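1. Structure of the sequence below:
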Amino acid sequence: MSKVGTISNKNQISSINKYYNIAKILLAISPCMSLMYLSMESAKLGISLAEVIGQDPNQTVMFLVSMINPFIAYLLIFIQKKIDNNDVKYAIVNLVMFMVAEILLMNLLYVILFGVILYKTLRAYNVTIKDSFKEKLGKGFFMTVSGSLVVIFLAGICLFATIRINM
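-> Numbering: from 1, shown residues only. This next block holds a predicted model:
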């Protein structure tokens, strides 16, 4: 009976790792996708890429938002290492923070992706968000969320810029 539970848990962990890898790939290539979009826009308008970014503030913010995502992918590598070292609560806290950042960035795809990863991680390791925050709110909280706080800070700046542009 315990072998079945172990095999099932290994399958869940393998599935979670696939989602982490998908997220890292999508996050890493988002600047390239943004540059391709901006290049097509510049070709359509017959101006240079720099002029498109300089003329349209919405394009500028979109480009900046896409540049935040590789940093998140980099942080996901640390999250997976923490999970491998049995610090799942570190991962849970940071995944929640990433979801907040992606909500601020208005990236619905990544909000959903991080939500799925968070859900699968919670189920596979049988932890809760509440317990994770309770444990990590003690000493070392800022060490736990330092990377996520940088992402949230940058996301807040982008949100503020978007709000100002649309006023």
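2. Next one: residue 13 from residue 87, what distance?
-> For residue 13, the distance to residue 87 (CB to CB, to the nearest Å) stands at 15 Å. Any C-beta I mention is one placed from the backbone N, CA and C, and that applies to glycine too.
3. Local confidence estimate at residue 8?
-> Predicted confidence (pLDDT) at residue 8: the value is 53.
4. repeat for the one 5 residues further on
-> Each residue has a pLDDT score; the one for residue 13 is 79.
5. if I pick the residue nearest to it when sequence neighbours are not counted, what's in contact with it?
-> Computed as CB to CB, 6 or more residues apart in numbering, the closest residue to residue 13 that is not its neighbour in sequence is residue 124, at 5.7 Å. Residue 124 makes contacts with 9, 12-13, 16, as judged by CB atoms under 8 Å, 6 or more residues apart in numbering.
6. Next: residue 153.
-> Per CB under 8 Å, 6+ apart, neighbours of residue 153: none.
7. make it 10 Å
-> Residue 153 sits next to 101, 104 when contact means CB atoms under 10 Å, 6 or more residues apart in numbering.
8. Ok, residue 83 next?
-> With contact taken as CB under 10 Å, 6+ apart, residue 83 is in contact with 13, 16-17, 20, 89-92, 121, 124-125.
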